[in-house]
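could you look at this predicted model? Sequence included:
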Amino acid sequence: MKEKVSRNILDVDDSLIKRFWEKVDKSPGQGANGDCWEWISQSKDSYQRISYKNQLIYVHRLSFFLHHGKWANPMTCHTCDNPRCVNPTHLFEGTNLDNVKDMVAKKRHTLGSKNNWATITEKDVEKILSARMTELSATEIAKNLNLSSSLVEPIIYGENWKHVKRPDGISNINLKSRILNDNQLIQAITEKITTNVSYKELGKKFGLSSGNMRYNVRKFADLVPGASDWLNIERGSKLNKFDVMVIKTMLNTHSIKQISAIFDVAVGTVQDIKKGWRWKTV
Ligand SMILES: [Zn+2]
């Protein structure tokens, strides 16, 4: 392809780079392959943008620039099919045609295990679905099968791997869906992040199981500004930002062992918090 002059040549300054990296979540388990870096944002747009000198720049585009030192021309494409992903190894410079080809390739990908990117097979999906029939939570199933929750959850909820036959009885009783209207969701999410009420208690108020309440709050957290950041400070973790703040305070008065018992987490987790290895931003 002939090299054209790039559009959007900007002198990217340090403050932009800093603002960009502050919102990159590199915790494992994101995206289909578990190695996406998602850009944290309150916006519900799938492609995220950052403002700079009265312009809005797509963050995946910026990530490509920061990695390669040039703007992708004409466009930046994802190999991972995750619009929020800014992992530079998942980005490539492409044309519209590439994007179309890429989409076709991904269709194949979503259809099953033939694609190199798939980390699980139909057999695993069957295992996951059978495990779900025994009423195990997504987290428990993921743990038992040594997979990430973000891989297991969409399978359980019937969002991925739809071509694998679901066992009789699983689809209706376990398929989670939006039940609350916007006002109820906003009320529930606000209550969760301001009082850290348990999902069980919150669910009672809205007539939902704790699992379904959790699903709804997390899925629609973006309705309340800042709620996603609050809830997803470390994905797949038992602890949320509120817990970590409490733990940090309790470290002054309680032993690590006591704290680990109170929050039902590993001693190592508390040690990591104490050393600042995890939840640095809290
Ligand atoms: Zn990715």
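Arrived safely. Numbering: from 1, shown residues only.

which positions in the stretch 51-200 of the chain make contact with the ion?
The stretch 51-200 of the chain comes close to the ion at residues 80, 82, 85, 87, 90, as judged by C-beta under 5 Å from the ion. All C-beta spots, glycine's among them, are computed from the backbone N, C-alpha and C.

show me where the protein has strands.
Listed in chain order, the strands found in the chain under DSSP state E are 24-25, 38-39, 49-52, 55-58, 75-78, 91-94.

hang on, the earlier thing: farthest pair in the residues of the stretch 51-200 of the chain next to the ion?
Pairwise distances among those were taken by C-beta to C-beta; the largest, 8.7 Å, belongs to 82 and 87.

between these two, what contacts are shared?
Counting by C-beta atoms under 8 Å, 6 or more residues apart in numbering, the shared contacts of residue 82 and residue 87 are residue 36.

what's the most buried one of the strands of the chain?
Stretch with highest mean neighbour count among these: strand 38-39 (a mean of 23; mean count of other C-beta atoms under 10 Å).

make CSV out of the strands of the chain and add mean pLDDT.
As requested, those are exported to CSV (pLDDT from 0 to 100):
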stretch, mean pLDDT
strand 24-25, 92
strand 38-39, 92
strand 49-52, 87
strand 55-58, 84
strand 75-78, 82
strand 91-94, 81
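
out of those strands, flag the one nearest residue 131.
strand 38-39 (26.6 Å).

sorry, back to before: neighbour count winner among residue 82 and residue 87?
The neighbour comparison of residue 82 against residue 87 (other C-beta atoms under 10 Å) goes to residue 87, with 22 against 19.

quick one, what contacts the more buried one?
The contact partners of residue 87, taken as C-beta under 8 Å, 6+ apart, are 35, 36, 37, 63, 80.

which ones among those map onto helices?
When the contacts of residue 87 are checked against helices (DSSP state H), the matches are residue 63.

surely residue 166 touches residue 156?
No: counting by C-beta atoms under 8 Å, residue 166 does not reach residue 156; the two are 9.6 Å apart.

what is in contact with these two at once?
With C-beta under 8 Å, 6+ apart, residue 166 and residue 156 have common neighbours residue 129.

which residue packs closest to the spatially most central residue of the chain, ignoring adjacent ones?
The residue lying closest to the centre of the chain (C-alpha atoms, centre = their mean) is residue 30, at 5.0 Å. Residue nearest to residue 30 in three dimensions, not counting chain neighbours: residue 36, with 4.3 Å by C-beta to C-beta, 6 or more residues apart in numbering.

tell me, how many residues neighbour that neighbour?
As a burial measure, residue 36 scores 23 neighbours (other C-beta under 10 Å).

please apply the same query to residue 68.
Number of residues near residue 68 (other C-beta under 10 Å) recorded here: 14.

again with the one 5 residues further on
Counted by other C-beta under 10 Å, the residues lying close to residue 73 total 16.

do you know how far it is from the ion?
From residue 73 over to the ion the distance is 21 Å, taken as C-beta to the ion, to the nearest Å.

ok, residue 275 next?
Between residue 275 and the ion the distance is 29 Å, computed by C-beta to the ion.

quick one: the helices in this structure?
So, for the chain - with DSSP H - the helices run 14-22, 59-68, 96-111, 122-133, 138-144, 149-156, 170-174, 182-195, 199-206, 210-219, 227-231, 241-250, 256-263, 267-275.
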